[in-house]
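1. the sequence and its predicted three-dimensional model are supplied below.
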Amino acid sequence: MERPVRTRETRQRRLVLETLRATTSHPTAEWIFERVREKMPHISLGTVYRNLNVLRDEGLVRELRVNGRTAHWDGDLSPHGHFVCTQCGAIRDVWGLPNHDWHGLKDLVGCEVVRQHCEFYGTCPACLERERQAN
């Protein structure tokens, strides 16, 4: 697997990464921008987007596109999946998934897997409770 090219670390990039890694909410770039701007008032939304893309390209963060919608960002690269609520759009980490040998697919179908990601779709507990109270 080809290694990503490392770019120069900047103060903005470091703050974007720290902000993303400090949350488990899978935020949008706009959410990250609002938090970073509290510490760096002159940063632009475009700078946050550019830095997120560089961090993604360097393999330091993961971009999540759920149903082709707005990008959400994940700073936790440890093996885990995601649950997406189809009602409110919340994204939650899913831990404890079976650790399959995905690299064994090469023997089965001739493909070499370099990464995999598992997403589940359904209704989160908060939305289930709202539905229960409405009925």
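-> That came through fine. Numbering: from 1, shown residues only.
2. where in the protein is the helix or strand with the lowest mean pLDDT?
-> Within the chain, no helix or strand scores below helix 105-109, which has a mean of 77 by mean pLDDT, DSSP states H and E.
3. and the contacts of it?
-> The contact list for helix 105-109, computed with Cβ atoms under 8 Å, 6 or more residues apart in numbering, reads 111-113. Backbone N, C-alpha and C define where each C-beta goes, glycine included.
4. give the buried residues for the top helix by length along the chain.
-> Longest helix of the chain, by residue count under DSSP state H: helix 45-57. By neighbour count on 16 or more other Cβ atoms under 10 Å, the buried set for helix 45-57 is 47-49, 51-52, 54-56.
5. how far out from the middle of the chain is the least confident helix or strand of the chain?
-> 28 Å (Cα atoms, centre = their mean, to the nearest Å).
6. just stretch 74-91 next, same as before
-> With Cα atoms, centre = their mean, you get 7 Å for stretch 74-91.
7. swap in stretch 125-135?
-> 27 Å.
8. what are the bridge partners for the most centrally placed residue in the chain, then?
-> When Cα atoms, centre = their mean is applied to the chain, the residue found nearest the centroid is D74 (2.7 Å). Counting by DSSP bridges, D74 is bridged to R62.
9. next, the contact list for it, please.
-> 20, 26, 61-64, 82.
10. quick check: the farthest pair among these?
-> Largest separation among those by Cβ to Cβ: L20 and H82, giving 15.1 Å.
11. look at these two and report which has more neighbours.
-> Neighbour totals were compared for L20 and H82, and L20 leads with 26 against 19 (other Cβ atoms under 10 Å).
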